[in-house]
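Participant: okay, here's the prediction I keep looking at, along with the sequence it came from:
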Amino acid sequence: MRTKLYREELTQEELNAHRATLNGEPAVYCGTYGKYNNGDISGAWVDIASFADYEEFMEFCERLHADEEDVEFMYQDFEGFPESWYSESCMGEETFDKIKEFAALDVDKREAYELYLDNYDSEASVEDFEDCYQGHFDSPEDFAEQLYFELYEIPAHLEYFIDWRAVWRNLDTGGDYTEFDGHIFRTC
């Protein structure tokens, strides 16, 4: 006996186009509370970046669970985006848009952005982050040296007498810059 459909069911092609590969890209596992309460965890890993907008994502989720009349989505797991954005019961448009922006960053910037959110400004937009992000350096002293050579003309005969650790300490304790795992951020 076939389950009654309340919406048009997804085609295999549509499902494959939005199925997450679980390679670190932003994704959620979309099931429903109704199924879960009946011991059924069926659903699918969904690649958030594969959708043009929130409405298309929600339509996909509804059609994924076309066999439920009053579907209540349950995002049972996630990967590839900051944990603070995850909610089992809600994937609102604002969160969806943040995740899409996050997905557009290269892998190194994603790592830096997560560090920034966790350690500096948990509400920062991608734009705010990019305004403050200075890059990844082998050491804060390397950043200080690069910064000073960009800002000042340092005579060649003095280059080797500068204590870059002290320069970094001054930048850091002065509140102008901060460092997390080799990523340097300007105080914004």
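Facilitator: Received it, and whenever you're ready, just let me know what you need. Residues are numbered from 1 along each chain as shown.
Participant: what are the ranges of the helices in this protein?
Facilitator: Here the chain has its helices, by DSSP state H, at 12-18, 33-37, 54-64, 93-104, 107-119, 126-132, 140-151, 164-173.
Participant: could I get the ones you listed in TSV, plus columns for distance to F185, mean neighbour count and mean pLDDT?
Facilitator: Where C-beta positions appear, they are placed from N, C-alpha and C, glycine not excepted. Shown next, in TSV, are the helices of the chain (distance: least, CB to CB, whole Å; neighbours: other CB atoms under 10 Å; pLDDT from 0 to 100):
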stretch	distance to F185	mean neighbour count	mean pLDDT
helix 12-18	34	13	95
helix 33-37	40	15	96
helix 54-64	30	18	96
helix 93-104	17	16	95
helix 107-119	6	18	93
helix 126-132	5	16	94
helix 140-151	10	16	96
helix 164-173	11	15	94
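Participant: compare those helices and give me the one nearest V46.
Facilitator: Ranking these by proximity to V46 (CB to CB) places helix 12-18 first, at 5.7 Å.
Participant: give me the distance from that closest one to the chain's centre.
Facilitator: Taking CA atoms, centre = their mean, to the nearest Å, the mean C-alpha location of helix 12-18 is offset from the chain mean by 23 Å.
Participant: domain-wise, how is the chain divided?
Facilitator: Domains of the chain are assigned by automatic domain parsing as 12-104, 105-188.
Participant: how far does the last one stretch from one end to the other?
Facilitator: Counting by CA to CA, to the nearest Å, the length from the leading to the trailing residue of domain 105-188 is 20 Å.
Participant: circling back to that earlier point, can I get the helices of the chain in CSV with distance to F73?
Facilitator: Below are those laid out as CSV (distance: least, CB to CB, whole Å):
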stretch, distance to F73
helix 12-18, 15
helix 33-37, 8
helix 54-64, 6
helix 93-104, 12
helix 107-119, 25
helix 126-132, 25
helix 140-151, 44
helix 164-173, 44
